[in-house]
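Participant: Sharing a model that was predicted from the sequence below.
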Amino acid sequence: MTAAVVEHQRAGIRALAGRIGLLGGLTVALLVSLVLAAGHGQLDVPPAEVLGSLMHKIGLDIGPVPHHPQGENTLWQVRFPRVVMAALAGASLATAGALMQGVFGNPLAEPGVVGVSAGAAVAAAAAIVFELTFAGTWTIAICAFVGGLVTTTLVYAMSRDGGRTEVVTLVLTGIAINAMTSAGLAFLMFLGDTQAREEIVFWTLGSLNGSRWQYVGVVLPMAVVGIAAAMFLAPKLDLLALGDRAARHVGVDVERLRMSTIVVVAVLTAAAVAFCGIISFVGLIVPHLIRMVAGPGHRLLVPASALGGAVLLVLADLWARTLVAYADLPIGMLTALVGGPFFFWLIRRARRTAGGWA
Amino acid sequence: MTTLGTRGLGVSFDGHPILADVDLDVRGGELVALVGPNGAGKTTLLGVLSGDVDPTSGRVTLDDKPLASYAARELARQRAMQLQKQGLAFGFRVHEVVRMGRSPWHRTAREDDDDRVVAESMERADVTDLADRLYPTLSGGEQARTSFARLLAQETPVLLLDEPTAALDIRHQESLLAVARSAAEAGAAVVVVLHDLSLAAAYADRICVLSRGRVRANGTPADVLTSALLTEVYEHPVEVIAHDGNLLVVPVRVKGVVPWPAG
């Protein structure tokens, strides 16, 4: 018996080392990709100069400053807000995906796929068309949050039964919701003037073009609060994997957990959608890859997904704006291009193992 | 001493009465077997005792307090439950599933025992060898033993088990009930839904026979397991044989009742 305890403690230490390794590795990857992405574009700034510029900004006289006369301006006016926005949106979407999968008991749930992103976008588009400004730069974010909240609740109420959601029900609910939101968007485009139409098209394609510090100032607190709340909910989501009844038997207040998770998903989705539009599949791909590496435990899955989502979107955005010279491809198009086939593969896998989600 | 009890309990689903006038007390230190034919209301009664099913009439109390007045976490420190079939949405490993049983004790002094209790529970349920296997890939019997280990890890004074032996082989049926029995001897109140009446006779202090939603009999195995009563309740001739100090319950088998139509 004591040998078993010692063995368990060893396993615990190994697990802890693995945790630190994974989170540390992802943090390093995020920092590297941020510096790389900030330096690349129509005007290339070498990584050393990017770091040097950062150091000088915080008052440390280390490293070279950008040698190009426009370098400093490009970095601080365009690149830094853009890469930071990409990281925040990616982290928010991946965390929202991990949470949704936990609360739906289904690894195919994702804000884009089930229509939560589209719901948030409809509300945001309504704010544009009706020129709502009741809360300054926060207006669109608040509308996106309300739209996301309504849609998540709707999907949840429609597709869940007996503690989990069947794949077919979830996907069909997503189709219905996406159909309704496209109708809503079409109607708003019909109502709006030319400028509003262009902005709405931008939502549906998803883009990080036009990220500004003032928008980062809105998204940052939402993402931080959302991810912190997700970390707090994470241990209980593990128990929810047992199903509603058994989760209650081990002391989870299931209703409260579900409702709080839905609110957090809405906050995170709104954070991403408010200024970047619909970027789908990030919340599907990232948590899935993390689960394959680190297992399904949410204590590790949630922070690792946040970091992984940030890395993925920073790199995807770098790709989107450097793939074709002088063109800024919509990032939502790219993530869907890669995420679509991945989704096919997941559906096939889920069908084969019917019920035995690994 | 923990006591779980019902008075005048009734449950109806959709207007159909499932349970009626059920008075049942389970005290710490005893193992009660709930038996009865299909649809007699065993699982529903266990659901009421666990707090999952709200009674339509009557009341349920745990230590003289209404069951409904307990918060989820508070209740999870009092009673653990093993469901007939335990699914799992993600591929957790067996030791992680067993550890889920410790969650009611997080942020309490008893959290320090987690490693020891998990290891002991896995040992008792004979799943130590499966510790690193993925739960969804286990066989039905292995899953049931894992759920039993999780129930033990919860260390509660009330244990509720819904057909825990249904998927188990003979060795594990016996060892599971022996562990449940020793938990009762250590002071726990244990309720087990069983179909195998010989098993119930061997391990239960008391057997409660449900029939059509009512308590038909409630007493020691020797009092309750009689040929006349079981034949009536199960609507099939049943014999009770005393063998070597054990009661054996066997259905009377009539050979060649209705022949298959030829060709």
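Facilitator: Right, received. Where do you want to start?
Participant: For whichever residue of chain B sits closest to chain A, which residues are in contact?
Facilitator: Residue of chain B nearest chain A, by Cβ to the nearest Cβ: residue B:76 (3.0 Å). Any C-beta I mention is one placed from the backbone N, CA and C, and that applies to glycine too. For residue B:76, the contact set (Cβ atoms under 8 Å, 6 or more residues apart in numbering or on different chains) comprises A:248, A:249, A:250, A:251, B:103, B:104, B:154, B:156.
Participant: can you give me the helices for the stretch 151-263 of chain B?
Facilitator: B:170-185, B:197-203, B:221-224, B:227-234 (DSSP state H, counting those that start in this stretch).
Participant: What count of nearby residues applies to residue A:252?
Facilitator: Look at residue A:252: counted by other Cβ atoms under 10 Å in any protein chain shown, it has 26 neighbours.
Participant: can you pull the contacts of it?
Facilitator: A:236, A:239, A:240, B:72, B:73, B:103.
Participant: For the fifth one, grab phi and psi.
Facilitator: I take that to be residue B:73. As for residue B:73, its main-chain torsions (degrees, to the nearest 10) stand at phi -70, psi -40.
Participant: wait, what's in contact with the nearest residue to it once chain neighbours are set aside?
Facilitator: Distance criterion Cβ to Cβ, 6 or more residues apart in numbering or on different chains; nearest residue to residue B:73, sequence neighbours excluded, is residue A:251 at 4.0 Å. Residues near residue A:251 by Cβ under 8 Å, 6+ apart: B:72, B:73, B:74, B:75, B:76, B:77, B:103, B:104.
Participant: Check residue B:32 and give its pLDDT.
Facilitator: At residue B:32, the model reports a pLDDT of 97.
Participant: I'd like the next helix or strand past the strand or helix carrying it.
Facilitator: Assigned by DSSP states H and E, residue B:32 belongs to strand B:31-35. Tracing the chain C-terminally past strand B:31-35 and defining elements by DSSP H and E, one meets helix B:42-50 next.
Participant: the inter-axis angle of that following helix versus strand B:31-35?
Facilitator: Angle of helix B:42-50 versus strand B:31-35, following axes from the mean of the first three to the mean of the last three Cα atoms, to 10 degrees, is 140 degrees.
Participant: check whether helix B:42-50 contacts chain A.
Facilitator: Yes - using Cβ under 8 Å from any Cβ of the partner chain, helix B:42-50 reaches chain A at residue B:50.
Participant: which residues are contacting the following helix or strand past that helix?
Facilitator: Where DSSP H and E defines the elements, the next helix or strand beyond helix B:42-50 is strand B:57-62. For strand B:57-62, contacts defined as Cβ under 8 Å, 6+ apart pick out B:2-10, B:21-22, B:48-49, B:51, B:66-68, B:70, B:75, B:78-79, B:158.
Participant: let's go with 6 Å and repeat that
Facilitator: B:4, B:5, B:6, B:7, B:8, B:9, B:10, B:48, B:67 (Cβ atoms under 6 Å, 6 or more residues apart in numbering or on different chains).
Participant: among those residues, which are in strands?
Facilitator: Among the contacts of strand B:57-62, the members falling in strands (DSSP state E) are B:4, B:5, B:6, B:7, B:8, B:9, B:10.
Participant: So what's the residue count around the fourth one?
Facilitator: Residue B:7 has 13 neighbours, counted by other Cβ under 10 Å.
Participant: Look at it and report its pLDDT.
Facilitator: 93.
Participant: That one bridge partners, please.
Facilitator: Taking DSSP bridges, one obtains residue B:59 as the residues bridged to residue B:7.
Participant: ok now do it, which residues does it touch?
Facilitator: By Cβ under 6 Å, 6+ apart, residue B:7 lies in contact with B:23, B:58, B:59.
Participant: Quick one: closest of the helices of the stretch 151-263 of chain B to residue B:37.
Facilitator: Comparing the helices of the stretch 151-263 of chain B by their distance to residue B:37 (Cβ to Cβ), the top pick is helix B:227-234, with 5.4 Å.
Participant: elements contacting the closest one?
Facilitator: If contacts are counted by 3 or more Cβ pairs under 6 Å, 6 or more residues apart in numbering or on different chains; DSSP states H and E, helix B:227-234 sits against strand B:238-243.
Participant: Kindly supply the PyMOL command isolating those of the contacts of strand B:57-62 that are buried.
Facilitator: A single PyMOL command selects the buried members of these (16 or more other Cβ atoms under 10 Å in any protein chain shown):
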select buried, chain B and resi 4+5+6+9+10+48+67
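Participant: Out of the contacts of strand B:57-62, which two sit at the greatest distance?
Facilitator: Distances among the contacts of strand B:57-62 were taken as Cβ to Cβ; the most separated pair is B:4 and B:10, at 17.4 Å.
Participant: which non-adjacent residue is nearest residue A:284?
Facilitator: Setting aside the residues directly before and after it, residue A:284 is nearest to residue A:110 in space (Cβ to Cβ, 6+ apart), at 4.0 Å.
Participant: now swap in residue A:262 and tell me
Facilitator: Using Cβ to Cβ, 6+ apart, the nearest residue to residue A:262 is residue A:152, at 4.9 Å.
Participant: That neighbour should be in a helix, yeah?
Facilitator: Yes - applying DSSP: H, G, I helix; E, B strand; the rest coil, one finds residue A:152 inside a helix.
Participant: Tell me the confidence at it?
Facilitator: 86.
Participant: now do the one 5 residues further on
Facilitator: Reading off the per-residue confidence, residue A:157 sits at a pLDDT of 84.
Participant: do the same with residue B:208
Facilitator: Note on residue B:208: pLDDT of 96.
Participant: Compute the distance from the centre of stretch A:76-90 to the centre of its chain.
Facilitator: Taking the mean of its C-alpha atoms, stretch A:76-90 sits 14 Å from the chain's own mean (Cα atoms, centre = their mean, to the nearest Å).
Participant: what are the phi and psi values for residue A:69?
Facilitator: When read as degrees, to the nearest 10, the backbone of residue A:69 gives phi -60, psi -30.
Participant: How is chain B divided into domains?
Facilitator: B:1-78+B:156-220, B:88-152 (automatic domain parsing).
Participant: which one of the ones you listed lies closest to residue A:280?
Facilitator: With Cβ to Cβ, the closest approach to residue A:280 among the domains of chain B belongs to domain B:88-152: 22.1 Å.
Participant: got the helices of the stretch 151-263 of chain B as a markdown table, with mean neighbour count, mean pLDDT and distance to residue B:116 columns?
Facilitator: Formatted as a markdown table, the helices of the stretch 151-263 of chain B follow (neighbours: other Cβ atoms under 10 Å in any protein chain shown; pLDDT from 0 to 100; distance: least, Cβ to Cβ, whole Å):
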| stretch | mean neighbour count | mean pLDDT | distance to residue B:116 |
| --- | --- | --- | --- |
| helix B:170-185 | 17 | 96 | 17 |
| helix B:197-203 | 22 | 95 | 26 |
| helix B:221-224 | 17 | 93 | 35 |
| helix B:227-234 | 16 | 94 | 43 |
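Participant: Dump these into a markdown table; add distance to residue A:62 as well.
Facilitator: Supplementary listing: the helices of the stretch 151-263 of chain B in a markdown table, determined by distance: least, Cβ to Cβ, whole Å:
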| stretch | distance to residue A:62 |
| --- | --- |
| helix B:170-185 | 65 |
| helix B:197-203 | 75 |
| helix B:221-224 | 83 |
| helix B:227-234 | 86 |
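Participant: re earlier: what is the strand holding residue B:32 packed up against?
Facilitator: If contacts are counted by 3+ Cβ pairs under 6 Å, 6+ apart, strand B:31-35 sits against strand B:189-193, strand B:206-211.
Participant: where does the chain dip in pLDDT?
Facilitator: As the question left the chain open, I've gone with chain A. Counting by pLDDT under 70, chain A has low-confidence residues at A:1-9, A:11, A:162-165, A:167, A:350-358.
Participant: The intended chain is chain B.
Facilitator: For chain B, the ranges with pLDDT under 70 are B:1, B:255-257, B:263.
Participant: Chain A contacts on that one?
Facilitator: Within chain B, the residues that sit near chain A (Cβ under 6 Å from any Cβ of the partner chain) are B:52, B:72-73, B:76, B:81, B:87-92, B:100, B:103-104, B:115-116, B:119, B:136.
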